[in-house]
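here is the input, now give the coordinates:
(chains A and B)
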Amino acid sequence: MAEETLVLFKNIRNPKYDKSLAGYKRSGGFKSLKKVFGMKPEEVVQEVKESGLRGRGGAGFPTGLKWSFMAKGTGKPSYLIANADESEPGTCKDRELMLKDPHLFLEGLMISSYAIGCHHAYVYVRGEFFPAIKTLNAAVGELYADGLLGTNPLGSGFKLDITIHTGAGAYICGEESALLDSLEGKRGQPRVKPPFPAVSGFNGCPTSVNNVETLACIPFILSDGGAEAFKSFGPQNNSGTHLVSLSGHVNCPGVYELRMDVSMKDIIYDIGGGIRDGKKLKGVIPGGSSSPVMKADEVDVLYNFDDLAKIGTMLGSAAMMVFDEGTDIVKLLHRITRFYAHESCGQCTPCREGTHWSSQIIQDFLRGNGSDEKLKRLYRVGGNMLGTTLCALGDAAAMPIQSFVNKFPEEFRKYYATL
Amino acid sequence: MFSEDIQAQVDNLLCRYPIKQNALIPILLLVQKENEGWLTEEWMQHVADICEVPLTHIEGVVTFYTMFRLKRPGRYHLQICTCVPCCLVGGTELLEHTEKKLEIQAGHTTDDGVFSIEEMECIGACSYAPAVIVNEDYHEQVTPEEMDKMIKELRQ
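This next block holds a predicted model:
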């Protein structure tokens, strides 16, 4: 029987937990920060490298390695930006952390700032997250009042400010270089890379952008024996626990903290309580709407970065959207393509045009005007976006199209073939 | 042009960033909230002056992000999510139900100015779908009946 492993949700799962600063301290909070102030910044980076932590925002890039790319000796300030622009369809895990245990995430942000020599960290929260913005602002206020933020926290000689910054509604701002443009007060359009943010990020200064959940892992990793323990939770190269956002046609949707050696089958049937109304599983979109879709007979696989990559899909932001046998695949793909058409920033032609074309072609099927030729064209339009754009939005729009057509071709034919 | 309270909040935002332009989006959101949920050219020009950018820059920003509005929304702005997880469990039907109930399409405001509807892309409440934001408050696992009840209560 699969069950949760509580590291990030240790406090949240405690019904008596008080999320105020005093409550967080009572639960053992800020011990790691205190310990870290006695270490050299590069030792902190090394511990994070050893823990094997990979970014939880979708790309799965090793966090410690990302930090080690930060340009040094430039004479410019370094910045750490927490990416709280959670907007990949299916994903609602960072919201849980910010709303229900804000100080865990903020302690992670503070330790990480120390590690990369950042003296002013920003939390870029999507603008629609009004309750999370209020909670974070209140929590940051408590930290200043307590002396944990500002000059010389815990007698460390370090100085750190944190500002909660609100976005204004744009999926693309979850992409780190678009986020930086947005934070600078511009339209959020992805930048040409290189230079990468570690060299030229916020206002042209060395910057690291890290996901909220990634940062929330840091206090545990820096606790005594934490890095080793973190590594021991999952298969090699898939360290730690991760937060899984489970949604769609399951009996118990929710956000669950799991090791990375739990199978998708167990997540759907044990954790999620199976398919609702006694129906059969038809498929799963495994890692946010941009990940290639899986059929029901593929779910006997471990839910982690590497095992999903082996079968041609991806863990992404660990957002599982489960759908039952009654689901209309063409309508579902149409909704996904509408999303990307709405969210394309318009900068690169293949994505700006391709996202709209694909949506219109599927609309044709829904109106009874499908054909073999149009199905091929849909697949081709998807292919033309793959790897041809500045950021990953083009790929994100292409992968569902191609995988839906590959795995469920009969569903499209149903709309035009005379049987 | 600003009230004393808003001026204090704007000043506070300006000192949190290395350059004034960085504070542009939070300031615009603050101004929009104060102006009953929408922005006029007069306000945009004022923010342009504060942040030391041309008005055209502000217009570029305002038309890029979905949360900025150039026309007045209803007193209660119903933001109904129909993105992937919400559409799997009734979000689309909830939107259609609400449109029928209020006799307006998404993107419009009722004649009495009380309600407006907006169809949303993912609002990040996927495990609690279908989800709706009313002004700044999240409502989760909303049924058509609950929507009717909410509309009735808000109207009073």
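
residue contacts, the closest residue to A:Ile218 other than its chain neighbours?
Here the nearest residue to A:Ile218 in space, its sequence neighbours aside, is A:Gly108; by Cβ to Cβ, 6 or more residues apart in numbering or on different chains that works out to 3.8 Å. Bear in mind the C-beta positions are built from the backbone N, C-alpha and C, glycine included. Taking Cβ atoms under 8 Å, 6 or more residues apart in numbering or on different chains as the contact definition, A:Gly108 lies against A:214-219.

redo that, cut-off 6 Å
In this structure, A:Gly108 makes contact with A:215-216, A:218-219, judged by Cβ atoms under 6 Å, 6 or more residues apart in numbering or on different chains.

B:Gly124 belongs to a helix?
No. The assignment for B:Gly124, made by DSSP: H, G, I helix; E, B strand; the rest coil, is coil rather than a helix.

in terms of contact, does it touch A:Ala84 like I think?
No. With contacts counted by Cβ atoms under 6 Å, B:Gly124 stays clear of A:Ala84, the gap being 9.9 Å.

contacts only, for the residue nearest to the spatial centre of chain A.
Nearest to the centroid of the C-alpha atoms of chain A, with distances taken as Cα atoms, centre = their mean, sits A:Gly57, at 2.6 Å. For A:Gly57, the set of contacting residues under the criterion of Cβ under 6 Å, 6+ apart consists of A:83, A:211.

would you mind giving the secondary structure of it?
coil.

confidence score at it?
At A:Gly57, the predicted lDDT confidence score is 95.

can you check A:Thr418 too?
For A:Thr418, pLDDT reads 63.

against A:Ser358, how distant is B:Val61?
28 Å (Cβ to Cβ, to the nearest Å).

more neighbours, these two?
A:Ser358 (29 against 24; other Cβ atoms under 10 Å in any protein chain shown).

would you map out the domains in chain A?
Partitioning chain A according to automatic domain parsing yields domains covering residues A:21-232, A:241-324, A:329-413.

in stretch B:148-156, what counts as buried?
When neighbours are counted by 16 or more other Cβ atoms under 10 Å in any protein chain shown, the buried residues of stretch B:148-156 are found to be B:150-151.

and if you look at stretch A:230-247?
Along stretch A:230-247, these residues count as buried under the neighbour rule (16+ other Cβ under 10 Å): A:230-231, A:233-234, A:238-247.

which two in those residues are spaced the farthest apart?
A:Lys231 and A:Ser247 (29.4 Å; Cβ to Cβ).

so what touches stretch A:295-313?
Counting by Cβ under 6 Å, 6+ apart, stretch A:295-313 makes contact with A:60, A:237-238, A:260-265, A:267, A:281-283, A:286, A:291-292, A:294, A:314-315, A:407, all of which sit outside it.

which residue is the nearest non-sequential neighbour of the residue nearest the centre of chain B?
Note on chain B: the residue nearest the mean C-alpha position is B:Met67, at 4.9 Å, using Cα atoms, centre = their mean. Nearest residue to B:Met67, sequence neighbours excluded (Cβ to Cβ, 6+ apart): A:Gly169, at 3.8 Å.

helices along the stretch 201-350 of chain A, start to end?
Taking DSSP state H, counting those that start in this stretch, the helices of the stretch 201-350 of chain A run over residues A:212-221, A:226-232, A:264-266, A:305-310, A:329-343, A:349-366.

what does the stretch 251-400 of chain A have sitting close to chain B?
Selection of the stretch 251-400 of chain A residues close to chain B by Cβ under 6 Å from any Cβ of the partner chain yields A:253-255, A:289, A:321, A:323, A:335, A:339, A:342.

now with 7 Å?
Residues of the stretch 251-400 of chain A lying close to chain B by Cβ under 7 Å from any Cβ of the partner chain are A:253-255, A:289, A:319, A:321, A:323, A:335-336, A:339, A:342-343.

top of the residues you listed by number of neighbours, please.
Note: the member of these with the most neighbours is A:Ala319, at 32 neighbours, neighbours being other Cβ under 10 Å.

hmm, that one is touching A:Pro286, no?
No. Using Cβ atoms under 7 Å, A:Ala319 is not in contact with A:Pro286; the gap is 8.2 Å.

residues contacting the residue of chain B most remote from its centre?
Checked against the mean C-alpha position of chain B, the extreme residue using Cα atoms, centre = their mean is B:Pro18, at a distance of 27.6 Å. B:Pro18 makes contact with A:Asn203 under the criterion Cβ atoms under 7 Å, 6 or more residues apart in numbering or on different chains.

roughly how far does it sit from A:Glu325?
Going from B:Pro18 to A:Glu325 by Cβ to Cβ gives 55 Å.

before we move on, what about B:Asp49?
According to Cβ to Cβ, B:Asp49 stands 59 Å off from A:Glu325.

same deal with A:Ser358?
On the measure of Cβ to Cβ, A:Ser358 and A:Glu325 end up 25 Å apart.

also B:Cys51?
The value you get for B:Cys51 to A:Glu325, if Cβ to Cβ is used, is 54 Å.

where do the helices sit along the stretch 1-150 of chain A?
When assigned using DSSP H, counting those that start in this stretch, the helices of the stretch 1-150 of chain A occupy the ranges A:21-26, A:31-36, A:41-51, A:63-68, A:93-100, A:102-116, A:130-146.

buried ones in the third one?
I take that to be helix A:41-51. Taking 16+ other Cβ under 10 Å as the criterion, helix A:41-51 shows A:44-49, A:51 as buried.

thinking again about what came up before, more neighbours: which of B:Cys51 and A:Glu325?
Higher neighbour count among B:Cys51 and A:Glu325: B:Cys51, with 23 against 12, using other Cβ under 10 Å.
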